[in-house]
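Q: With the sequence up front, the predicted model follows.
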Amino acid sequence: MRGQLPLLFGVAPFGMAYGAYAIEAGLSGGLTQAMSAIVFGGASQFVAVQLIASGVPGGMIVLATLLVNLRHMLYSASLAPSVEQLGLRWRWLLAYLLTDEAYAVSMTRVARGVDGPFRHWFILGAGFALWATWQVTTSLGIFLGAAVPDSWSLDFALPLTFLALLMPVLTSRAALAAAAVAGVVAVAGFDWPYGVALVAAIAAGLVAGVGVERALGGASGEQVSA
Amino acid sequence: MNLWLTVAGMGAVTYGIRLSLLVFVSHTSLPAAARDALRFVMPAVLLAIILPAVLYVGDDKTIDLSPGNERLIAAVAAAAVAWATKNVWLTVGLGMCALWVLQWAT
């Protein structure tokens, strides 16, 4: 458990910011909490709240969620070898808890060589602790959001939270290019309907990232970073 | 009701992605091209959300690149804090304070 305490603290402000932001954006407390329990994916929840607040149709929100969470496929792939001995029930359970943070914790453990027959219990413990933290801090955020008047501009917690997430992932020139291109497309397409701008921005960002990486000659083999 | 359906759909696709290689397609690895592309999802999504939220301001949501845009200034300050400290609490806390001070001062 010691290995993940810093991560739990790291998740706590995101959870609170999400809860407060969702309430500020006009979502009901029940829906805000349900999204944390059902989706359990921070970045995609923030994005969904923003799209809901701008009246984007549900199908488009689901598509945006798909794009934002597509990266979990990487985690699913790299975790697969360590769970192949396990029964289906275990895999379904671990998959539900598979977030950025749970993946980071379990992979650090593997990298340190701490491995063995009980590793799935470790992943389960880490995943569940993160899940519980996410639910509780969402609730705290819901109360906070309801208590704080609109004039406090709590919606600003969204860009701030994302800034804190962004800095650690800007690890290469390719990542920088992906972010810059996506940002410019999102700004240029601000008036486009149905949330199309976000989807276009992500797609353009991926192309830019891969393109720059190829141009610089340093593709594959790099450490996967979430 | 529609929103609940949306959340259910979000949950279904997210769970589907997480299950994909763990349950449905074991012993398959992602093609290298997909692997490379997926690493850029996070930086792309994050700045695509941040920039419009910071640049389009006011009740009429018009673009404002001037130093008079309090959100832009506060976000630049918060970005510096995030860069220097990698600390979420500090980034969100100081960023909110910066915005309040700027709004109060103008």
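A: Happy to help now that I have it.

Q: what helix or strand is the spatially closest residue to residue A:178 that is not a sequence neighbour on?
A: In this structure, residue A:178 finds its nearest non-sequential neighbour in residue A:209, 3.2 Å apart by CB to CB, 6 or more residues apart in numbering or on different chains. Just so you know, the C-beta spots here come from the backbone N, C-alpha and C atoms, and that holds for glycine as well. Using DSSP states H and E, residue A:209 sits in helix A:196-216.

Q: same for that helix, what does it pack against?
A: In terms of contacts (3 or more CB pairs under 8 Å, 6 or more residues apart in numbering or on different chains; DSSP states H and E), helix A:196-216 is packed against helix A:58-69, helix A:173-188, helix B:32-38, helix B:41-55.

Q: so the last one versus helix A:196-216, what angle?
A: With axes from the mean of the first three to the mean of the last three CA atoms, to 10 degrees as the criterion, the two stretches helix B:41-55 and helix A:196-216 enclose an angle of 130 degrees.

Q: excluding its backbone neighbours, what's nearest the closest residue to chain A within chain B?
A: Of all residues in chain B, the one sitting closest to chain A is residue B:44 (2.7 Å; CB to the nearest CB). What sits nearest to residue B:44 in space, not counting adjacent residues and going by CB to CB, 6+ apart, is residue A:205, at 2.7 Å.

Q: Contacts only, for that neighbour.
A: Counting by CB atoms under 8 Å, 6 or more residues apart in numbering or on different chains, residue A:205 makes contact with A:178, A:179, A:181, A:182, A:185, B:40, B:41, B:43, B:44, B:45, B:47, B:48.

Q: Just name the shakiest helix or strand of chain A by mean pLDDT.
A: Lowest by mean pLDDT, DSSP states H and E among the helices and strands of chain A is helix A:100-111, with a mean of 70.

Q: Repeat that for chain B.
A: Every helix and strand in chain B was compared by mean pLDDT, DSSP H and E; the lowest is helix B:32-38, with a mean of 81.

Q: So which elements touch that one?
A: By 3+ CB pairs under 8 Å, 6+ apart, helix B:32-38 packs against helix A:72-83, helix A:196-216.

Q: need the strands for chain B, in chain order.
A: Residue ranges of the strands in chain B, as given by DSSP state E, are B:56-57, B:62-63.

Q: now those in TSV, with distance to chain A?
A: Shown next, in TSV, are those (distance: least, CB to the nearest CB, whole Å):
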stretch	distance to chain A
strand B:56-57	6
strand B:62-63	7
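
Q: Low-confidence regions, chain A specifically.
A: Counting by pLDDT under 70, chain A has low-confidence residues at A:1-10, A:107-118, A:218-226.

Q: Phi first, then psi, for the nearest residue to residue A:195 once chain neighbours are set aside.
A: With CB to CB, 6+ apart as the criterion, residue A:195 has its nearest non-adjacent residue at 3.9 Å, and that residue is residue A:56. Reported as degrees, to the nearest 10, the phi and psi values for residue A:56 are phi -70, psi 140.

Q: Pretty sure residue A:196 is one of the things residue A:56 touches, is it not?
A: No: if you go by CB atoms under 8 Å, residue A:56 and residue A:196 don't touch, sitting 9.1 Å apart.

Q: So which of these two has more stuff around it?
A: residue A:56 (20 against 13; other CB atoms under 10 Å in any protein chain shown).

Q: hmm, back to that, I'd assumed residue A:200 was in contact with the residue of chain B closest to chain A.
A: No: using CB under 8 Å as the test, residue B:44 is too far from residue A:200 to be in contact (10.7 Å).

Q: Between these two, which has more neighbouring residues?
A: residue B:44 (33 against 17).

Q: Per-residue pLDDT of that one, please?
A: For residue B:44, the pLDDT comes out at 93.

Q: Likewise for the one 4 residues further on?
A: In this prediction, residue B:48 carries a pLDDT score of 93.

Q: you'd agree it is up against residue A:184?
A: No: between residue B:48 and residue A:184 there is no contact under CB under 8 Å: 9.1 Å.
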